[in-house]
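# A structural model of the following input is requested.
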Amino acid sequence: MAAGWYLHPLRVRYQETDRMGVVFHGNYVTWFEIGRTEWIRNAGYDYKTIEERGLLLPVVDLQCSYLLPARYDDTVLVCTRIADCSPVKVAFDSQVRRVRESDWHAGTMADGGELPGELLVSGGTKHVWVNEAWQPVRLNKAMPELYERLRTT
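Numbers count the residues shown, from 1 in each chain. The predicted structure is shown next:
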């Protein structure tokens, strides 16, 4: 599937680093979540509205490969795209890339284009749609408009 990337800029804050001035590894997982949230928002939805409709999207798998560290005050882009989507599951690809401040902007990018900056971390998450009782839900039945948006964005 692999639709286009959504790019979300962040500046590394001091609180996100360890004593060595390097971003603590767990913060990348948080950044992946920020990327997913902003990807969904850019597609015209938000998690709050989805949850109000009785749908939850827990993480069932996480993959993260650390190539280079981000450091305090770096400008980075969290790059997110849909890797796979079915009526009950969705998977996201994620990358964190260090960029020059001139490349530091939010927006979408076509799949064929090269992502800006230096790749620091790559990975992704897999999720299952469930209801408030944590029973699997078919998104194409519960929110067909969102399902189509995920498949075509």
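# which SS class is residue 94?
strand (DSSP: H, G, I helix; E, B strand; the rest coil).
# Next one: residue 33 relative to residue 113, how far apart?
24 Å (CB to CB, to the nearest Å). The C-beta positions use only the backbone N, C-alpha and C, and glycine is treated the same way.
# and these two? which has more neighbours close in?
residue 33 (17 against 9; other CB atoms under 10 Å).
# In contact with residue 55, which residues are there?
The neighbours of residue 55, taking CB atoms under 8 Å, 6 or more residues apart in numbering as the test, are 129-131, 137, 139, 142-143.
# same deal with residue 130?
By CB under 8 Å, 6+ apart, the neighbours of residue 130 are 55-58, 136-137.
# cutoff 6 Å now
Counting by CB atoms under 6 Å, 6 or more residues apart in numbering, residue 130 touches 56, 136-137.
# quick one: the most far-flung residue of the chain relative to its centre from residue 72, how far?
In the chain, residue 19 marks the outermost C-alpha relative to the chain mean, sitting 27.0 Å out by CA atoms, centre = their mean. To residue 72, residue 19 is 11 Å away according to CB to CB.
# related to what we said a few turns ago, now, which of the contacts of residue 130 lie within strands?
Taking DSSP state E, every one of the contacts of residue 130 sits outside strands.
# of those, buried ones?
Neighbour-count burial (16 or more other CB atoms under 10 Å) applied to the contacts of residue 130 gives 56, 137.
# Tell me the one among the contacts of residue 130 nearest to residue 50.
Relative to residue 50, the closest of those is residue 56; by CB to CB it sits at 8.2 Å.
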